[in-house]
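> Provided below for reference: sequence and predicted model.
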Amino acid sequence: MASAEQKKLIVVVGATGNQGGAVARRFIQDPRYAVRGLTRNPDSPAGKELAALGVEVVQAELDDVKSLEAAFAGANVIFSVTNYWEPFFRPDCRAKAAELGVSCRKYAYDVEYRQGKNIADAAATVAGSLDANGFLASTLSNSRKCTDGKIDDLYHFDAKADVFPDYVNAAHPELAAKMSCIHTGFFTTSHRILPESYFHRVSLTPYPPSPPANTTNTHPQLADGTFEMRFPCSPNSPIPHLDVNADTGNFTYAVSQMPAGKAYMAAEYLTWPEFAAAWQRVTGASIAYKEVSFDEMVAAMPDRDLGVEVGLMFVYSSAPGYDGQMELLKAEDLRKVSFDDGG
Ligand SMILES: NC(=O)c1ccc[n+]([C@@H]2O[C@H](COP(=O)([O-])OP(=O)(O)OC[C@H]3O[C@@H](n4cnc5c(N)ncnc54)[C@H](OP(=O)(O)O)[C@@H]3O)[C@@H](O)[C@H]2O)c1
């Protein structure tokens with residue numbers, strides 16, 4: 001086993017969260033790695049859980065570059081992730097956005113962009129001592145560029161892509177040369193934030209022959225009490241799906257053994273009807289997929305800003321596609337390479 005001095009150090013941003021947590025848990029299984037996990041609050045239950053696994057849990061704040069520089073000291077590898085949704089949902093951020101006269105969607109873009117830039121600036125201070133493929137950045141495609149500006153406000157995509165890779169390439173060439181970009185698919189847990197769209201409960205109204213105006217059953221074959229999955233997205237578009245807690249760790253671990261400079265999609269592609277069929281198979285509940293309009297999706301959401309932000313994501317996922325039709329390496333490409341699994 002490697003001694004403490006011989007171990008490589010991976011520093012994981014967002015270690016108490018879904019993506020970072022999966023990465024920290026994967027690398028700590030390899031005795032050749034020491035794992036340092038960042039959080040604002042090391043004493044939280046998630047922080048204590050990581051510490052119990054052997055992760056060095058340290059305090060850092062993404063709005064404080066100095067705290068990130070200290071946390072990245074000695075790193076061989078850095079895993080980076082940013083969180084659009086915290087400033088989007090937090091009541092104090094919503095109040096601040098209103099005060100500034102910007103939408104909460106744009107406000108959350110500004111926070112995520114700034115925090116991503118802080119991570120990049122701090123990582124650049126240790127770029128010289130990082131491994132050749134030592135900067136692993138979670139990101140998404142650039143919807144503004146991939147639609148030639150037709151969609152220019154899909155903020156939770158572009159806040160990531162504007163930094164990873166664009167800002168890093170422009171501002172920090174040495175770090176950029178050691179970067180891999182990992183795009184993540186739709187989390188299979190996302191129904192928790194969009195329950196009405198994922199599982200619209202079909203009402204107890206007769207249909208056909210003459211549905212009342214308020215019927216919600218748009219699939220005649222569906223029985224009462226069954227479900228419709230409703231998104232503004234073509235049923236034929238391939239959609240990347242990711243079991244974020246189970247698979248982000250293994251995927252990132254495999255990426256860390258590749259040469260730098262490539263971009264990946266951590267996901268398996270299924271159309272929405274195929275995804276719905278998988279739910280039906282597993283749960284036994286009857287579910288059908290229905291393409292709805294952007295406006296219908298927005299109207300179905302209790303929070304209009306959330307409806308617009310995710311509605312745009314579904315429209316973009318329909319065409320050109322969630323990955324913006326970028327050339328991204330996938331799990332099957334990684335499987336062709338022979339890996340050391342650390343076991
Ligand atoms: N839902 C989906 O389908 C989907 C798909 C693709 C991509 N995404 C993206 O995934 C991202 C969220 O990733 P996730 O699910 O892994 O996040 P998460 O589970 O919500 O965790 C967020 C992590 O970031 C840390 N963090 C947040 N703000 C921080 C700050 N100011 N300073 C230091 N640490 C901070 C948190 O640490 P502490 O709270 O412990 O400080 C926590 O570890 C979002 O940007 C979203 O757009 C989501």
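That came through fine.
> List the residues that contact the closest residue to the ligand within the chain.
The minimum distance from the chain to the ligand, using Cβ to the nearest ligand atom, falls at Gly17 (2.1 Å). C-beta here means a position set from N, CA and C on the backbone, and glycine is covered the same way. Going by Cβ atoms under 8 Å, 6 or more residues apart in numbering, Gly17 touches Ala46, Val81, Asn83.
> Show the pLDDT at it.
As predicted, Gly17 sits at a pLDDT of 98.
> now Thr189, nearest residue through space, not along the chain?
Val244 (6.6 Å; Cβ to Cβ, 6 or more residues apart in numbering).
> and Asp333, how far is that from Pro320?
To Pro320, Asp333 is 21 Å away according to Cβ to Cβ, to the nearest Å.
> So for these two, which residue has more residues nearby?
Shown here are Asp333 and Pro320; by other Cβ atoms under 10 Å, Pro320 has more neighbours (18 against 14).
> Show the pLDDT at the nearest residue to that one once chain neighbours are set aside.
Spatial nearest neighbour of Pro320, chain neighbours left out: Cys146 (5.6 Å); criterion: Cβ to Cβ, 6+ apart. pLDDT, Cys146: 98.
> Next: the one 10 residues further on.
His156 is assigned a predicted lDDT (pLDDT) of 98.
> tell me the helices in the stretch 151-300 of the chain, going along the chain?
For the stretch 151-300 of the chain, applying DSSP state H, counting those that start in this stretch gives helices covering 155-161, 168-171, 173-176, 195-198, 244-255, 272-283, 294-300.
> Make a markdown table from these and add mean neighbour count and distance to Leu140 to it.
Below are the helices of the stretch 151-300 of the chain laid out as a markdown table (neighbours: other Cβ atoms under 10 Å; distance: least, Cβ to Cβ, whole Å):
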| stretch | mean neighbour count | distance to Leu140 |
| --- | --- | --- |
| helix 155-161 | 25 | 4 |
| helix 168-171 | 16 | 15 |
| helix 173-176 | 16 | 18 |
| helix 195-198 | 17 | 19 |
| helix 244-255 | 20 | 13 |
| helix 272-283 | 16 | 19 |
| helix 294-300 | 16 | 19 |
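> Could you export the ones you listed to a markdown table, including columns for distance to Ala71?
Output for those, formatted as a markdown table (distance: least, Cβ to Cβ, whole Å):
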| stretch | distance to Ala71 |
| --- | --- |
| helix 155-161 | 20 |
| helix 168-171 | 18 |
| helix 173-176 | 16 |
| helix 195-198 | 36 |
| helix 244-255 | 18 |
| helix 272-283 | 38 |
| helix 294-300 | 39 |
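> What parts of the stretch 51-200 of the chain come near the ligand?
60-63, 81-86, 156, 184, 186-187, 190 (Cβ under 6 Å from any ligand atom).
> Tell me how far the helix or strand containing Met313 lies from the chain's centre.
In this assignment (DSSP states H and E), Met313 forms part of helix 304-316. On the basis of Cα atoms, centre = their mean, to the nearest Å, helix 304-316 sits 15 Å off its chain's mean C-alpha point.
> what does it contact?
Contacts of helix 304-316 (Cβ under 8 Å, 6+ apart): 88, 103-105, 143, 146-147, 151, 153-157, 193-194, 197, 231-233, 294, 297-301, 322, 324.
> No further queries at this time; thank you.
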